[in-house]
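Trainee: Sequence and predicted structure are below.
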Amino acid sequence: ECDVDLAQFPIPKYSPSDGGHYLTAAVVVSKDPETGCLDIGNYRFQVISKNTFSFLAQPNHRLGKNVLKAQQSGCKKYPIALVVGVEPIIAYTCQFQLQEDTNDFAVAGGIRGEPVLLTQCKCIDVAVPAYAEVVFELEIDLEELVYEGPLGEYTGYYTPGSMKPIARVKAITL
């Protein structure tokens, strides 16, 4: 585990009754445990303690599917990266709902007219954009759940909290 205090980062609490401080605009990079295909997407990550997050990934989104595949294959840990400060085309592309065998970085590269330069994380087997501001390398513990939520949504309503996996910070690259 990385000896870090997430309180040193400007992670906001958005609404008065939020369950905690959230990163909501970061880009999550995950890898399909069966195919190795990279996926990028936006998911909410709540600070749980000085070096852990929890998150909400709907089961019909690729991160949710990747986590489920890892669980079903018997994995106890699943690596992902939480990336802050990417170029706009990556933030734009991560919103697309694409086929599961689509490498989202290839789509971003196609839109921008040249490949997205990736670099390997230091402690986990995930590649991330080389020109990001902050990369949180995380390891999801597929056996430990914590209470995540609620979060005030843009609609003015709160998404209720529930038990979700914990994600431990393994490294941070600035």
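Mentor: Right, received. Where do you want to start? The shown structure was predicted, so the numbers you read here are calculated from the model rather than taken from an experiment.

Trainee: May I have stretch 97-106 as PDB, with CA atoms only?
Mentor: What follows is stretch 97-106, C-alpha atoms only, in PDB (Å, rounded to 0.1, in the frame of the first residue of the first chain):
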ATOM      1  CA  GLN A  97     -20.800   3.300 -24.900                       C
ATOM      2  CA  LEU A  98     -18.800   1.000 -27.200                       C
ATOM      3  CA  GLN A  99     -18.600  -2.700 -27.800                       C
ATOM      4  CA  GLU A 100     -16.700  -4.600 -25.100                       C
ATOM      5  CA  ASP A 101     -13.900  -5.500 -27.500                       C
ATOM      6  CA  THR A 102     -13.200  -1.900 -28.400                       C
ATOM      7  CA  ASN A 103     -10.000  -0.300 -27.100                       C
ATOM      8  CA  ASP A 104     -11.200   3.200 -26.200                       C
ATOM      9  CA  PHE A 105      -7.700   4.700 -26.600                       C
ATOM     10  CA  ALA A 106      -7.800   3.600 -30.200                       C
END
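
Trainee: What are the buried residues along that stretch?
Mentor: 103-105 (16 or more other C-beta atoms under 10 Å). Quick note: C-beta positions are derived from backbone N, CA and C, even for glycine.

Trainee: Same question for stretch 28-36.
Mentor: Quick answer for stretch 28-36 (16+ other C-beta under 10 Å): 28-33.

Trainee: Run through the neighbouring helices and strands of the helix with the most length in the chain.
Mentor: The longest helix of the chain (DSSP state H) is helix 62-72. Contact here means 3 or more C-beta pairs under 8 Å, 6 or more residues apart in numbering; DSSP states H and E; on that basis helix 62-72 packs against strand 27-31, strand 38-41, strand 77-84, strand 134-148.

Trainee: Next, work out how far apart Gln58 and Val67 are.
Mentor: 11 Å (C-beta to C-beta, to the nearest Å).

Trainee: For the buried residues of stretch 28-36, give me a markdown table that also has pLDDT and distance to Arg62.
Mentor: What follows is the buried residues of stretch 28-36, written out as a markdown table (pLDDT from 0 to 100; distance: C-beta to C-beta, whole Å):
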| residue | pLDDT | distance to Arg62 |
| --- | --- | --- |
| Val28 | 97 | 9 |
| Val29 | 98 | 11 |
| Ser30 | 96 | 7 |
| Lys31 | 95 | 10 |
| Asp32 | 96 | 8 |
| Pro33 | 96 | 12 |
